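# Any chance you can model this:
(chains A, B, C and D)
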2 protein chains.
Amino acid sequence: MDKIIYIADDDDNIRNLLKSFLEREGYIIYGFPTGDDLLKRFITNPCDLIILDVMMPGRDGFFILTEIRKISNVPIIMLTARDSDADYIEGLNLGSDDYFTKPFSPIKLVTKVKSIFARLEASHSISVDASDSELVFADIKINRKTKSATLKGSELSLTPNEYTLLTYLMINSDRAVPRVELLDKIWGYETEIETRVADDTVKRLRKKISDSDARISTVWGYGFRLTDKSEQDSDEGGE
Amino acid sequence: MDKIIYIADDDDNIRNLLKSFLEREGYIIYGFPTGDDLLKRFITNPCDLIILDVMMPGRDGFFILTEIRKISNVPIIMLTARDSDADYIEGLNLGSDDYFTKPFSPIKLVTKVKSIFARLEASHSISVDASDSELVFADIKINRKTKSATLKGSELSLTPNEYTLLTYLMINSDRAVPRVELLDKIWGYETEIETRVADDTVKRLRKKISDSDARISTVWGYGFRLTDKSEQDSDEGGE
DNA sequence: TTTATTTTCCTCAATATTTCACCAAATGGA
DNA sequence: TCCATTTGGTGAAATATTGAGGAAAATAAA
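Residues are numbered from 1 along each chain as shown, chains lettered A, B, ... in the order given. Predicted coordinates for the structure are as follows:
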């Protein structure tokens, strides 16, 4: 019911325009001036649909689209000022659900949004957002709606950075995450900056989840990876 | 059912023409000679639809349109003597729902008005009174029809802002609500403004519901969330 | 108008969080 | 083995966020 939609567009007018039209339909809208802002927020607070402008300061809509597609299959609608087939194809290939060329009719976009949700409902995929809102790894659970994390059922009190970092590691628990990627996604450092903030946060996080079966293991010279103690016994308690 | 429509146009003939056509459809019509008059009235007495002439003495229709859009999503139809694409685009971008160029057919305008209302009805939008008129969380009840709140059965006397804030938190009791969302939805601040009015209202509200099982807990660096003292151990939201 | 109520602003204090500096320990390569 | 580099630990400094009290401003009521 309360579908949440994120919009990234550097043009305030467009953002507010879409916002007012979509809010009138009962959706909850958040606007972001850049795709990076949206992406960062999406990691900790997934939404039900995304509207992305292609031309934006910072990294463009196609880049953000691919980044989001790595971690979610949330419906994405692209907006562009240009009207070339190449763009259209690229957007669709990268995984966008639809494509609007500016200037566009807000009414039509609203209609599209509604039809996307209707399609999802129809395919009775048991509430798309529900599956996204809870993350589980070993004995750790994260409820992204309430922004809370629990370890063996009891509340883990995490700070904002710790929460975001753990969330990101859990989304990507199938791979090792490079340190620069964490600095990019969580701290927004796009260039290589000499900083150990990520290590600091990992350090504190490790302390807080020390009772867990999950651990944040170091990938030397690269980054970190979530691992599960109980699945490690191949070379420990083997005998 | 009795939809109220405001019309701003400096031309008496147009106003009366539209008035008679729309009244014949059962709508209640108020005419204003300038957009400023309409805006002033709208602030205290919102209506269900607005028809705005672009060319008017005082501030023009586009200006009034943006002003209204800051505070409301009410459908707006623009009228203009000019017939340029630029106008059309600007009107749509600023958030008008449709656009008529003088001279226009009153019949078509009536049709448009009806279709706008039909669309709103169809989208079963979460109009304030639509779904649940009564909200309950722990020992707090809110009756949205009478705009009253009770705690363990006895009347809670809330000020307008407190009432709105509590209502919003109760509607969204399944999730943490960011501060910016409150500022947007309740105070209408679209951009990020350095203000602590939300905290102030939360402060006063907390004092008033201090005897309740419900509490407004802060989500550090993010916002607030309604929680229930009596079920602190496991708080898995349904969705 | 005056008065009462409500809202916002302001400042300070109390916390919570993040970052940094320094050094010890661990790692991988020659 | 040594050496350069990376990582982890401790603790303290620098930042940020929130809460409380009360004053000022705005709003509504009388």
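
# Could you give the bridge partners of residue A:5?
On the basis of DSSP bridges, residue A:5 is bridged to residue A:29, residue A:49.

# That one contacts residue A:25, doesn't it?
No. Between residue A:5 and residue A:25 there is no contact under Cβ atoms under 8 Å: 9.7 Å. All C-beta spots, glycine's among them, are computed from the backbone N, C-alpha and C.

# Give me the more crowded residue out of the two.
residue A:5 (24 against 21; other Cβ atoms under 10 Å in any protein chain shown).

# Check the gap between the more buried one and residue A:23 for me.
In this view, residue A:5 and residue A:23 are 9 Å apart by Cβ to Cβ, to the nearest Å.

# Could you do residue A:73 as well?
25 Å.

# Looking at these two now, which is surrounded by more residues?
residue A:23 (17 against 11).

# Is that one in contact with residue A:31, as I believe?
No. Using Cβ under 8 Å as the test, residue A:23 is too far from residue A:31 to be in contact (10.9 Å).

# how about the helix or strand hosting residue A:67: buried residues?
Per DSSP states H and E: residue A:67 is located in helix A:61-71. Neighbour-count burial for helix A:61-71, counted by 16 or more other Cβ atoms under 10 Å in any protein chain shown, picks out A:61, A:62, A:63, A:64, A:65, A:67, A:68, A:71.

# and the nearest residue to residue A:61 once chain neighbours are set aside, how many residues sit next to it?
Nearest non-adjacent residue to residue A:61, counting by Cβ to Cβ, 6 or more residues apart in numbering or on different chains: residue A:54, 3.9 Å away. Per other Cβ under 10 Å, the neighbour tally for residue A:54 reads 24.

# if I look at the residue nearest to residue A:209 when sequence neighbours are not counted, how far off is residue A:210?
Spatial nearest neighbour of residue A:209, excluding adjacent residues (Cβ to Cβ, 6+ apart): residue A:151 at 6.1 Å. Going from residue A:151 to residue A:210 by Cβ to Cβ gives 10 Å.

# Please identify which of these two sits among more neighbours.
Shown here are residue A:151 and residue A:210; by other Cβ under 10 Å, residue A:151 has more neighbours (18 against 9).

# Now do the helix holding residue A:67: which elements does it pack against?
Helix A:61-71 is packed against helix A:35-44, strand A:49-53, strand A:76-80, helix A:85-94, with contacts defined by 3 or more Cβ pairs under 8 Å, 6 or more residues apart in numbering or on different chains; DSSP states H and E.

# The helix or strand hosting residue A:119 versus helix B:106-122: what angle between them?
Per DSSP H and E: residue A:119 is located in helix A:106-122. Using axes from the mean of the first three to the mean of the last three Cα atoms, to 10 degrees, the inter-axis angle of helix A:106-122 relative to helix B:106-122 is 30 degrees.

# In chain A, which residue sits nearest DNA strand D?
Closest approach between chain A and DNA strand D, counting by Cβ to the nearest atom of the strand: residue A:218, at 3.6 Å.

# residues contacting that residue?
residue A:224 (Cβ atoms under 8 Å, 6 or more residues apart in numbering or on different chains).

# List phi and psi for it.
The phi/psi pair for residue A:218 (degrees, to the nearest 10) reads phi -90, psi 140.

# Domain map for chain A?
A:4-125, A:131-231 (automatic domain parsing).

# Show me what secondary structure element comes after the helix or strand bottoming out on mean pLDDT in chain A.
For chain A, counting by mean pLDDT, DSSP states H and E, helix A:128-133 ranks last in confidence among helices and strands (a mean of 56). Next along the chain after helix A:128-133, taking DSSP H and E as the criterion, comes strand A:134-137.

# Could you please name the strands that following strand pairs with and the direction of each pair?
strand A:140-143 (antiparallel).

# Could you see whether DNA strand D lies near the helix or strand following the partner strand?
Downstream of strand A:140-143, the first helix or strand assigned by DSSP H and E is strand A:148-151. No. Counting by Cβ under 7 Å from any atom of the strand, DNA strand D has no neighbours in strand A:148-151; the shortest distance is 14.9 Å.

# So is strand A:148-151 next to DNA strand C?
No. Strand A:148-151 does not reach DNA strand C (Cβ under 7 Å from any atom of the strand); its nearest approach is 12.0 Å.

# tell me what that strand is packed against?
strand A:140-143, strand A:154-156.

# rerun at 6 Å
Using 3 or more Cβ pairs under 6 Å, 6 or more residues apart in numbering or on different chains; DSSP states H and E, the elements in contact with strand A:148-151 are strand A:140-143.

# re earlier: select, out of the domains of chain A, the one closest to residue B:50.
Residue B:50 lies closest to domain A:4-125 among those, at 13.2 Å (Cβ to Cβ).

# pLDDT on that closest one, on average?
What domain A:4-125 shows for mean pLDDT is 81.

# Chain B versus residue A:13, what's the distance?
The gap separating residue A:13 from chain B is 5 Å, by Cβ to the nearest Cβ, to the nearest Å.

# How many residues are close by that residue?
14.

# does it count as helix, strand or coil?
What DSSP: H, G, I helix; E, B strand; the rest coil gives for residue A:13 is helix.

# Does residue A:110 touch residue A:21 like I think?
Yes. If you go by Cβ atoms under 6 Å, residue A:110 and residue A:21 touch, sitting 5.3 Å apart.
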